[in-house]
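Chemist: model this:
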Amino acid sequence: MEYYSPRNCKELMDKYKTNEDGLYHLTTERGVVYQTYCDMTTDGGGWTLVASVHENNIDVWDCEAATSDDYKNPGYYDITAEDVSVWHVPNNVLLQNWSIDAFLCYHTDNHFLTNHGGNLFYLFKKFPVRSRAGTCRINNGPSIPVVYDTGDAASTRNLYGPSARGEFEAGFITFRACNQEMAAMAICSGVKATGCNTEHYCIGGGGFFPEGAPRQCGDFTAFDWDGYGTNTGWSASRKITEAAVLLFYR
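Modeler: Numbering: from 1, shown residues only. Just a heads-up that it's a prediction; the model follows:
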């Protein structure tokens, strides 16, 4: 009997009728076996954790550490997907409590990845995250409306600083947003940028940020511009600053 090795959590769910959230082993097209988390609950399940962004610059491959370190597994590059799901989970929460403690969860449902190579690896080849990436608003990547599973657009908006709230529309996820210095952020998580100070509400900075150097650095580039976690001026709340952003494919 030939052993079936699933490529993603959706295949695992469909083939073996697996419906419990948790860690599972998947295999890439080239036969690389890796372990990751499957969300088998949200919107019918079948979501594969492929990456997380946390306020540090450490590259690790341990799924258990996804809320304390940056994380990207082979599925990020290998899986062909249609949609993404995002969870905001407080730092250092144990894996078994992720779904309980996540304060913001949302997903796309329009199959946008089919127009961008089937995953974020290929999407960011089309919309590179780097310095001099383009002019703000004009050269941003796709902004996709989201369906909320936990939270809503109003709660998303209030997680960011009051000065930033006039520069975005909540209820979206944006990929590659350029700021006024023509540097790019990878993801505006939960929002669509309408202004040019994207470093205050988008994450994954790529490029040179000359304003107030060296105050703008890391993956959450300028979330603490007017004080760490103060939620005043351009500063985001402590809640969003001290949370990992988990990215799933389906």
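Chemist: The nearest residue to L159 once chain neighbours are set aside is in what secondary structure piece?
Modeler: Nearest residue to L159, sequence neighbours excluded (C-beta to C-beta, 6 or more residues apart in numbering): I240, at 4.1 Å. For the C-beta atoms, the positions are set from N, CA and C on the backbone; glycine is no exception. Assigned by DSSP states H and E, I240 belongs to helix 238-241.
Chemist: Averaging pLDDT per element, find the lowest-scoring helix or strand in this protein.
Modeler: strand 59-60 (a mean of 37; mean pLDDT, DSSP states H and E).
Chemist: returning to that earlier point: who's in contact with the residue nearest to L159?
Modeler: 88, 159-160, 223 (C-beta atoms under 8 Å, 6 or more residues apart in numbering).
Chemist: Among the residues you listed, which ones are in strands?
Modeler: H88 (DSSP state E).
Chemist: picking that back up, okay, the residue nearest to L159 and F175: tell me how far apart.
Modeler: To F175, I240 is 18 Å away according to C-beta to C-beta, to the nearest Å.
Chemist: ok, back up a step: which one of the contacts of I240 has the most neighbours?
Modeler: F223 (28 neighbours; other C-beta atoms under 10 Å).
Chemist: Find the nearest non-adjacent residue to that residue, please.
Modeler: Nearest one to F223, counting by C-beta to C-beta, 6+ apart, is A236 at 4.2 Å.
Chemist: pretty sure that neighbour is touching Y201, no?
Modeler: Yes: with contact defined as C-beta atoms under 8 Å, A236 and Y201 form a contacting pair (7.0 Å).
Chemist: and the two? which has more neighbours close in?
Modeler: Just comparing A236 and Y201: by other C-beta under 10 Å the higher neighbour count belongs to Y201, 33 against 25.
Chemist: re the thing from before, how much space separates the residue nearest to L159 from H116?
Modeler: Per C-beta to C-beta, I240 is found 26 Å from H116.
Chemist: tell me the domain boundaries of this structure?
Modeler: 9-121+245-249, 128-237 (automatic domain parsing).
Chemist: Give me the neighbour count for G46.
Modeler: Neighbours around G46, by other C-beta under 10 Å: 23.
Chemist: Buried residues in stretch 161-177, which are they?
Modeler: 161, 163-165, 167-177 (16 or more other C-beta atoms under 10 Å).
Chemist: now, which of those residues lie within strands?
Modeler: Per DSSP E, those map to strands at 168-177.
Chemist: show me what contacts V84?
Modeler: Per C-beta under 8 Å, 6+ apart, neighbours of V84: 107-108, 113, 120, 173, 247-250.
Chemist: cool, S85 as well?
Modeler: 39, 42-43, 47, 105-108, 149, 247-250.
Chemist: List only those of the residues you listed flagged as buried.
Modeler: Buried among the contacts of S85 (16+ other C-beta under 10 Å): 39, 42, 47, 105-108, 149, 247-250.
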